[in-house]
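S.K.: Only the shape, not the letters, is given here:
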């Protein structure tokens, strides 16, 4: 549950993808978080789990958005289909 005054950070698909790649290359979570300015180290663990389960598709943010009304998510899906 969110705490009063808590600030949520949103990370782009590219940032998530880069973080996963850095972890797979052997960097520690702390090193990756520092390099990419990610405030929550635990978030990397979640991204890694989603990547292992679903591949790059697991890194796409699906919260609060209608797939057809958000051009950013549509662009992310197009990038995934090209890979």
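M.R.: That came through fine. The structure presented is a predicted model; accordingly, all values stated were derived computationally and were not measured. Numbering: from 1, shown residues only.
S.K.: isn't residue 18 right up against residue 36?
M.R.: Yes: under the criterion of CB atoms under 8 Å, residue 18 is in contact with residue 36, at a separation of 6.5 Å. Yep, even glycine has a C-beta here, placed from its N, CA and C like the rest.
S.K.: Now stretch 17-34: buried residues?
M.R.: Across stretch 17-34, burial judged by 16 or more other CB atoms under 10 Å covers 17, 19, 20, 22, 23, 27, 29, 32, 33.
S.K.: Distance from it to the middle of the chain?
M.R.: The chain centre lies 12 Å from the centre of stretch 17-34; the measure is CA atoms, centre = their mean, to the nearest Å.
S.K.: Next: stretch 48-67.
M.R.: Stretch 48-67 sits 8 Å away from the centroid of its parent chain (CA atoms, centre = their mean).
S.K.: where does the protein have low pLDDT?
M.R.: Confidence mapping of the chain against pLDDT under 70 gives the ranges 64-83.
S.K.: contacting residues for the residue nearest the centre of the chain?
M.R.: Central residue of the chain (CA atoms, centre = their mean): residue 16, 3.4 Å from the mean position. Residues near residue 16 by CB atoms under 8 Å, 6 or more residues apart in numbering: 47, 59.
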